[in-house]
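[1] have a look; sequence and predicted model below, questions after that.
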Amino acid sequence: MKISVSLPEDLVAYADEAARREGLSRSGLLADLLEAARIREQLERYLDRYGWDIVEDEEAWRAYQRRKMARDYGNDEW
């Protein structure tokens, strides 16, 4: 499916450079990035649900939770 997207010039230049390095078209690069974002979101949902059951490194788990809390609540005013 074709879509039209407006991006700042510096991001388009970066996308073109990154696509060239990876041997992809601009569309291929954006598709790969969106797929990676979808996988990351699915992984985070899984970890949020089952994390304590599967984690082997408790410190890594705590670091993940700290990053998630900072991202999710960093802009909240208390």
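    Sure thing, it's come through.
[2] next SSE downstream of the helix of greatest length in the chain?
    Ranked by number of residues, the top helix in the chain under DSSP state H is helix 26-54. Next helix or strand after helix 26-54 toward the C-terminus (DSSP states H and E): helix 58-73.
[3] now that next one: buried residues?
    residue 64 (16 or more other CB atoms under 10 Å). Yep, even glycine has a C-beta here, placed from its N, CA and C like the rest.
[4] and that helix, what does it pack against?
    Where contact means 3 or more CB pairs under 8 Å, 6 or more residues apart in numbering; DSSP states H and E, helix 58-73 is packed against helix 26-54.
[5] and the helix it packs on with helix 58-73, angle?
    Comparing the axes of helix 26-54 and helix 58-73 via axes from the mean of the first three to the mean of the last three CA atoms, to 10 degrees yields an angle of 120 degrees.
[6] mind giving me the packing neighbours of helix 26-54?
    Using 3+ CB pairs under 8 Å, 6+ apart: helix 26-54 touches helix 9-22, helix 58-73.
[7] format those as CSV; extra columns: distance to residue 32 and mean pLDDT.
    Below are those laid out as CSV (distance: least, CB to CB, whole Å; pLDDT from 0 to 100):
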stretch, distance to residue 32, mean pLDDT
helix 9-22, 8, 96
helix 58-73, 22, 83
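[8] hmm, back to that, what's the offset of the longest helix of the chain from the middle of its chain?
    Relative to its parent chain, helix 26-54 has a centroid offset of 7 Å by CA atoms, centre = their mean, to the nearest Å.
[9] and that helix, average pLDDT?
    Helix 26-54 carries an average pLDDT of 86.
[10] got the buried residues for it?
    Buried residues in helix 26-54 (16+ other CB under 10 Å): 29-30, 47.
[11] can you redo these as a markdown table with distance to residue 37?
    As requested, the buried residues of helix 26-54 are exported to a markdown table (distance: CB to CB, whole Å):
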| residue | distance to residue 37 |
| --- | --- |
| 29 | 13 |
| 30 | 11 |
| 47 | 16 |
